[in-house]
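# Prediction below, plus the sequence it came from.
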Amino acid sequence: MIIRSVHERFAVLTVLLVALLVTGCVTTTDSRFSREADRQKAVENYVQLASAYIGQGNIERARHHLDRALELEPDSPQALATLGLIYNSDGEPELAEKNFKRAISEDSEYTRARVYYGAFLYAQGRLEESRDQFSAASKDTDYKDRGSIFYNLGMTQERLGQQKEAIASYRRASELTRGDPRSLLSLSRVMVESGDLTGAARYYERLLVIMQRNPKLKHSPESLFTGIRIARHLGDRNQEASLRLQLKNNYPESVEYQQYKALISNDK
């Protein structure tokens, strides 16, 4: 697994619009829906199945289960938000946004709808609105993947040129994920760009330790160039030479290698 570059991660953000895969099947019958709890559970099951089918790219089956969910609960925020995913995948952004907004209107505390909507807005280039949705979602302390919300918030803030805020969000993401490599790399890189190379070195060292423990993690041009800049600041010529060689041999056509050549050219 390669630690992705910042440009790749910006594009990959839209992956948020694919729900978590789940397993299982619905075996309940309409006779159980006389009780509110049973109806709510059935809606949840249908939405989970729809999300799984979206993850598999089977939009037709996903829509079938969402139709069942909306028959039982026309105003279900879970079903409406997931329907927004389907419209988005079908190239219907206006309908997608309408359903994301409806989901949030039905339940302003339904965090997943804000995450979906924030990712949708990001993909549309509406960065300030995206930031606001991720910021609101980040306040849900019970959300199980809260670290990813802060990471996405950091990405959006970075795109908006808000480096200080992005650093705070990336740092929070790394804390909540107990040192997720992508959070550590983004945090290190933005700290380097903001001029705090000494602080960046601490987080970059944590990244290197994680990579040493997990052979599946490989350097990207971004991680190599970030490390080179830190090594130059610290005067660690051996580390700089090692990372420079990897960057040159593995990514000679990368933007980061061109930036490195410009960097050393300016020093001459």
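Structure received. Residues are numbered from 1 along each chain as shown.

# Which pLDDT does the model give residue 40?
Looking at residue 40, its pLDDT stands at 87.

# Quick check: it touching residue 69?
No - if you go by Cβ atoms under 8 Å, residue 40 and residue 69 don't touch, sitting 10.4 Å apart. Any C-beta I mention is one placed from the backbone N, CA and C, and that applies to glycine too.

# between those two, which one's more packed in?
In this view residue 40 and residue 69 are compared by other Cβ atoms under 10 Å, and residue 69 has more residues nearby, 25 against 15.

# my guess is the more buried one is in a strand, correct?
No - counting by DSSP: H, G, I helix; E, B strand; the rest coil, residue 69 falls outside a strand, being helix.

# Could you look up the SS state of the closest residue to it other than its chain neighbours?
In space, and not counting its chain neighbours, residue 69 is closest to residue 46: 3.7 Å by Cβ to Cβ, 6 or more residues apart in numbering. Following three-state DSSP, we place residue 46 in the helix state.

# Residue 46: neighbour count?
27.

# what's stretch 174-187 in contact with?
Residues from elsewhere that reach stretch 174-187, judged by Cβ atoms under 8 Å, 6 or more residues apart in numbering: 3-4, 6, 9, 146-148, 150-151, 154-155, 158, 166-167, 170-171, 173, 200, 203-204, 206-207, 210-211, 217, 220, 222-223, 226.

# low-confidence ranges in the protein?
1-35, 268 (pLDDT under 70).

# rerun at 80
1-37, 266-268 (pLDDT under 80).

# Mind jotting down where the helices sit in it?
With helices called from DSSP state H, the chain shows them at 6-12, 36-56, 59-72, 77-89, 93-106, 111-123, 127-137, 146-159, 163-176, 181-194, 197-213, 221-234, 237-250, 255-267.

# pretty sure the residue nearest to residue 69 contacts residue 64?
No - contact criterion Cβ under 8 Å: residue 46 and residue 64 do not qualify, at 9.1 Å.

# ok, residues contacting stretch 67-81?
Residues contacting stretch 67-81 (Cβ under 8 Å, 6+ apart): 33, 39-40, 42-44, 46-47, 50, 66, 83, 99-100, 102-104, 106-107, 110, 112-113, 116-117.

# my bad, stretch 234-245
Contacts for stretch 234-245 (Cβ under 8 Å, 6+ apart): 197, 201, 219, 224, 227, 228, 231, 232, 260.

# hmm, 7 Å instead?
201, 224, 227, 228, 231, 232, 260 (Cβ atoms under 7 Å, 6 or more residues apart in numbering).

# Which residues are in contact with the first one?
Taking Cβ under 7 Å, 6+ apart, we find residue 201 in contact with 230, 234.

# Would you mind measuring from it to residue 181?
Distance of residue 201 to residue 181, given as Cβ to Cβ, to the nearest Å: 16 Å.

# And for the third one?
Taking Cβ to Cβ as the measure, residue 227 and residue 181 are separated by 13 Å.

# and these two? which has more neighbours close in?
Taking neighbours as other Cβ under 10 Å, residue 227 and residue 181 compare with residue 227 leading, 29 against 19.
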